[in-house]
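Colleague: How does the following fold in three dimensions:
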Amino acid sequence: MKLPFFLILALFLSHHVAAEQRYVSGPGQVDLVELYTSEGCSSCPPAERRMNEYAKEKGLWSEFIPVAFHVDYWNYLGWTDPFSAPEFSARQRSYSKEWKTRTVFTPCFVVNGKVNSKTWRKSSRDQPGILSVSITENKASVSFIPTHPTQQKMTLWIAPLCGEVSSAVTSGENRGRKLEHNFVALGLHNQKMDSQDQVYTTSFPFTKHPKAKAVAIWVTVGQSLKPVQATGGWLE
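Modeller: So this is what the prediction gives:
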């Protein structure tokens, strides 16, 4: 049975956040690096290993935010990926429509809404604005101040992430392998932001999922998937 996102957030509360945690992007572009992957895909482990290496890179959280979305469309091959979810597959298909392509594939790196052949390297010099997130015991408050005035509507996205998890695969294309993962999305939620005097804000109940080690937050224009600004970090 699929649980509503806010019920997942309620489960997040099994560990209270003891004090305020803040994540601030700064005005420069923080890249959102997405990996679409599957434990049922034999060509995905090398991309997963590259994703795992991001944990050691200096720019983690300050220059880029990594999120691994495990799709479910390879589950029919004989192994059900325990991290997969239909909404992650739907997100990749929505990207495919934006790119005007007919197919989806794994592994697939997406950087700031565009397909990237292999990996992330800092290149953007954009100054979209400051995204700030404050997390207290059971609430998250978010604000985005764009560098340039805009009348566009903004949407907040948030994904809790687990880290350094592994699976012993017993069937399918990766049968016999032990797969290591990091920055794996445990869920995905979006909601509209309010706007007043060029400051976009929103808040929502927030509690720590038992498996969450980090959180990724980003904003987009309307229902577009292309991120405008991102932030995130490890959860205490």
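Colleague: Tell me which residue is most central in this protein.
Modeller: Computing the C-alpha centroid of the chain and ranking residues by C-alpha atoms, centre = their mean puts V67 first, at 3.9 Å.
Colleague: Please export the C-alpha coordinates of stretch 98-105 as PDB.
Modeller: Extracted C-alpha coordinates of stretch 98-105, given in PDB (Å, rounded to 0.1, in the frame of the first residue of the first chain):
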ATOM      1  CA  GLU A  98      10.100  18.400 -21.900                       C
ATOM      2  CA  TRP A  99      13.100  17.200 -23.900                       C
ATOM      3  CA  LYS A 100      10.700  16.000 -26.700                       C
ATOM      4  CA  THR A 101      12.200  12.500 -26.600                       C
ATOM      5  CA  ARG A 102      10.300   9.200 -26.900                       C
ATOM      6  CA  THR A 103      12.200   7.000 -24.500                       C
ATOM      7  CA  VAL A 104      13.600   6.900 -20.900                       C
ATOM      8  CA  PHE A 105      16.700   5.000 -19.900                       C
END
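Colleague: Could I get the buried residue list for the longest helix along the chain?
Modeller: With secondary structure taken from DSSP state H, the chain has its longest helix at helix 86-99. Within helix 86-99, the residues that qualify as buried are 87-89, 91-92, 95-96, counting by 16 or more other C-beta atoms under 10 Å. Yep, even glycine has a C-beta here, placed from its N, CA and C like the rest.
Colleague: what's the closest non-adjacent residue to Y95?
Modeller: Once flanking residues are discounted, Y95 sits nearest to L225: 5.7 Å by C-beta to C-beta, 6 or more residues apart in numbering.
Colleague: List just the nearest of the buried residues of helix 86-99 to V165.
Modeller: Comparing the buried residues of helix 86-99 against V165 with C-beta to C-beta places F88 closest, at 15.9 Å.
Colleague: Tell me who's in contact with that closest one.
Modeller: By C-beta atoms under 8 Å, 6 or more residues apart in numbering, the residues touching F88 are 36, 69-72, 185, 188.
Colleague: Closest one of the residues you listed to P45?
Modeller: For the contacts of F88, the nearest to P45 is H70 (12.9 Å; C-beta to C-beta).
Colleague: ok, back up a step: how about the buried residues of helix 86-99 in JSON lines, adding distance to E20 and pLDDT?
Modeller: As requested, these are arranged in JSON lines below (distance: C-beta to C-beta, whole Å; pLDDT from 0 to 100):
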{"residue": "E87", "distance to E20": "30", "pLDDT": "97"}
{"residue": "F88", "distance to E20": "30", "pLDDT": "98"}
{"residue": "S89", "distance to E20": "35", "pLDDT": "98"}
{"residue": "R91", "distance to E20": "30", "pLDDT": "97"}
{"residue": "Q92", "distance to E20": "34", "pLDDT": "97"}
{"residue": "Y95", "distance to E20": "34", "pLDDT": "96"}
{"residue": "S96", "distance to E20": "39", "pLDDT": "95"}
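Colleague: where do the helices sit along the protein?
Modeller: Residue ranges of the helices in the chain, as given by DSSP H, are 5-12, 45-53, 86-99.
Colleague: All set, thanks.
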